[in-house]
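Enquirer: The following comprises the amino acid sequence and a computationally predicted model.
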Amino acid sequence: MNEPPHVSAGAIRGEETSPARRPSRRAVLAAVAASTAAAVPLLSSTSAAASPERHHSQDLLYIGTWGQNQVHAVRFDSVRGTMNPLGVVADVSSNWVAVHPTRPVLYAAGGEPGGFIRTFRIDDASGALRKTGEIETEAVPGGSGGLSYIGLSTDSDTLLVADFATGSAATVPIRSDGRLGTVASSVQDTGSGPNPRQAGPHTHHVVIDPSRRFALVADFGADRVFVRGYDRDTHRLSPGDGSYATAPGSGPRRLAFHPNGRTVYLLNELTADIEVLRWDAHTGALSPRRLLTTNAPGHSGTTSAAELAVSSDGRHVYTSNRGDNALVVFSVDPRTGLLTEAQRLPCGGVTPWSFSLHPGGRWLFVANEASGTVNLFRVDPRSGQLTDTATSVDIPNPDCISVRTARH
């Protein structure tokens, strides 16, 4: 599924246009001591430059781990840029984790057969998790590897599930308290590709389009983005008959809509390129506009792109490249949505499996899986450029990061 590939592929170059060391079980949180002058921040072995601002928020980062059967928590000060590890908060398989945007609820997707998703109640004061539920999303378990992604619809009433092992996408209703209902739908992908890792369909990502009438499904194994119908009232996907075919052996991995709703960015894992696609919300059709590589000039060896995100203002696109151990920032043309590479820098570790932008837009957290660190980068809100703060925490094989912002 998400394992670093053991095959090499040539870098995609140019453009194509179309008119159309395991930490302790629980680290001790330092006390916040009061004084007549000011509050003393939580202790941290590494931190970004301190801010003179007196008021600061203490967010929680929840980090899934690849093959470790653990979820870790980190306390993050979004003003001072400090990260304080809280240790293991759940002993559970965590191929992917997602925090509800308004409820104190964490969802953890398992890597074992069965497509298990566990629900946890978050204690904001301590960061502790209490398991509140568990569902199985596979009617018939399909081999090893399990789930590759879970995420919430924009209105947070549906959990979107990508099952790499079975090559299927599923939807699960989210109740008002954040708990999960029963599986509403599951749609099977078909197809294969020329790479040895593409013997059959392998669903990697699911997103709902801005019109909320369609779901886009990136299938790593089939070299396709499937366009499924989506019914908001029933939370159901329908098979549909539309799809966008990528280059053979490209391995579609991640999708992201630009805020304008007319442009989709697609990151291909095996060829490490990013495609700019036109989205027609009336017909549910994707069409190619441009393709750019995320590889460094003269790249050789393993080729593997991993993560993709668009800034909330739509001015910048971020990607990670596991072959180069790099982060690549693209600027977005506000008129066309087309991309220009703006920055390339080391990821601070080895194998940047994923990253997460802080909701405030000033920070980016990178899960460097092979080196076992979560690294903090500062985001310039005007230029979109990244700066490595040299702040990091040790987490065994981190594979994803989800943020629970502080409530006041």
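Expert: Right, received. Where do you want to start?

Enquirer: After the helix or strand of the chain with the lowest mean pLDDT, which helix or strand is next?
Expert: Ranked by mean pLDDT, DSSP states H and E, the weakest helix or strand in the chain is strand 236-245, scoring a mean of 92. Next along the chain after strand 236-245, taking DSSP states H and E as the criterion, comes strand 252-257.

Enquirer: Return the list of helices and strands in contact with that next one.
Expert: Using 3 or more Cβ pairs under 8 Å, 6 or more residues apart in numbering; DSSP states H and E, the elements in contact with strand 252-257 are strand 203-208, strand 214-219, strand 224-231, strand 263-268, strand 305-310. Backbone N, C-alpha and C define where each C-beta goes, glycine included.

Enquirer: Could you pull up the mean pLDDT of that strand?
Expert: Confidence for strand 252-257, expressed as mean pLDDT, is 98.

Enquirer: same deal with stretch 209-227?
Expert: pLDDT averaged over stretch 209-227 gives 97.

Enquirer: Could you do stretch 129-149 as well?
Expert: Stretch 129-149 shows a mean pLDDT of 84.

Enquirer: Parallel or antiparallel, list what pairs with the least confident helix or strand of the chain.
Expert: Under the criterion DSSP bridges, strand 236-245 sits next to strand 224-231 (antiparallel) in its sheet.

Enquirer: Give me the angle between the partner strand and strand 214-219.
Expert: Put simply, strand 224-231 runs at 150 degrees to strand 214-219, going by axes from the mean of the first three to the mean of the last three Cα atoms, to 10 degrees.

Enquirer: Report the distance from strand 224-231 to the chain centre.
Expert: Strand 224-231 sits 19 Å away from the centroid of its parent chain (Cα atoms, centre = their mean, to the nearest Å).

Enquirer: And stretch 284-299, by the same measure?
Expert: Counting by Cα atoms, centre = their mean, stretch 284-299 is centred 19 Å from the centre of its parent chain.

Enquirer: Name the residues of that stretch that are buried.
Expert: Within stretch 284-299, the residues scored as buried using 16 or more other Cβ atoms under 10 Å are 284, 285, 286, 288, 289, 290, 291, 292, 293, 294, 295, 299.

Enquirer: Check stretch 192-212 too.
Expert: Neighbour counts using 16+ other Cβ under 10 Å place 192-193, 195, 197-198, 200-210 of stretch 192-212 among the buried residues.

Enquirer: How about the contacts made by residue 357?
Expert: Residue 357 makes contact with 309, 311, 318, 363, 364, 379 under the criterion Cβ atoms under 8 Å, 6 or more residues apart in numbering.

Enquirer: Just grab the bridge partners of the fifth one for me.
Expert: With DSSP bridges applied, residue 364 shows beta-bridge pairing to residue 357, residue 377.

Enquirer: Next: the first one.
Expert: The partner list for residue 309 in beta bridges (DSSP bridges) reads residue 318.

Enquirer: count of residues packed around it?
Expert: Other residues near residue 309 come to 19 when the count uses other Cβ atoms under 10 Å.

Enquirer: I figured residue 271 hits residue 248, correct?
Expert: No - counting by Cβ atoms under 8 Å, residue 271 stays clear of residue 248, with 9.7 Å between them.

Enquirer: Neighbour count for the two, which is higher?
Expert: More neighbours surround residue 271 than the other of residue 271 and residue 248, with 27 against 14 (other Cβ under 10 Å).

Enquirer: Now name the helix or strand holding the more buried one.
Expert: Using DSSP H and E, residue 271 falls within no helix or strand.

Enquirer: Mind pulling the model confidence for it?
Expert: Looking at residue 271, its pLDDT reads 98.

Enquirer: Next: residue 175.
Expert: Reading off the confidence values, residue 175 has pLDDT 96.

Enquirer: Contacts only, for the closest residue to residue 223 other than its chain neighbours.
Expert: In space, and not counting its chain neighbours, residue 223 is closest to residue 193: 4.5 Å by Cβ to Cβ, 6 or more residues apart in numbering. For residue 193, the contacting residues are 221, 222, 223, 248, 249, 250, 251, by Cβ under 8 Å, 6+ apart.

Enquirer: Out of the residues you listed, which end up buried?
Expert: Neighbour-count burial (16+ other Cβ under 10 Å) is assigned, among the contacts of residue 193, to 221, 222, 223, 249, 250, 251.

Enquirer: Now distance to residue 338 too, for those, in CSV please.
Expert: Converted to CSV, the buried ones among the contacts of residue 193 look like this (distance: Cβ to Cβ, whole Å):
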residue, distance to residue 338
221, 29
222, 27
223, 23
249, 25
250, 19
251, 23
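
Enquirer: Give me whichever of the helices and strands packed on strand 252-257 is most buried.
Expert: strand 214-219 (a mean of 28; mean count of other Cβ atoms under 10 Å).

Enquirer: before we move on, the earlier item: now intersect the buried residues of stretch 284-299 with the strands, please.
Expert: Applying DSSP state E to the buried residues of stretch 284-299, the entries found in strands are 285, 286, 288, 289, 290, 291, 292, 293.

Enquirer: quick one: which of these is nearest residue 407?
Expert: Proximity of those to residue 407 (Cβ to Cβ) peaks at residue 286, which lies at 38.2 Å.

Enquirer: what are the phi and psi values for the residue nearest to residue 407 when sequence neighbours are not counted?
Expert: In space, and not counting its chain neighbours, residue 407 is closest to residue 124: 6.4 Å by Cβ to Cβ, 6+ apart. With angles defined as degrees, to the nearest 10, residue 124 sits at phi -60, psi -30.

Enquirer: Residue 124: neighbouring residues, count only.
Expert: 13.

Enquirer: Name the SS class of residue 173, please.
Expert: Put simply, residue 173 is strand when judged by DSSP: H, G, I helix; E, B strand; the rest coil.

Enquirer: Can you name the residues that contact it?
Expert: Listed by Cβ under 8 Å, 6+ apart, the contact partners of residue 173 are 157, 158, 159, 180, 181, 182, 184, 235.

Enquirer: Tell me who's in contact with the third one.
Expert: Think residue 159. Residue 159 makes contact with 98, 107, 117, 150, 151, 152, 153, 171, 172, 173, 174, 180 under the criterion Cβ under 8 Å, 6+ apart.
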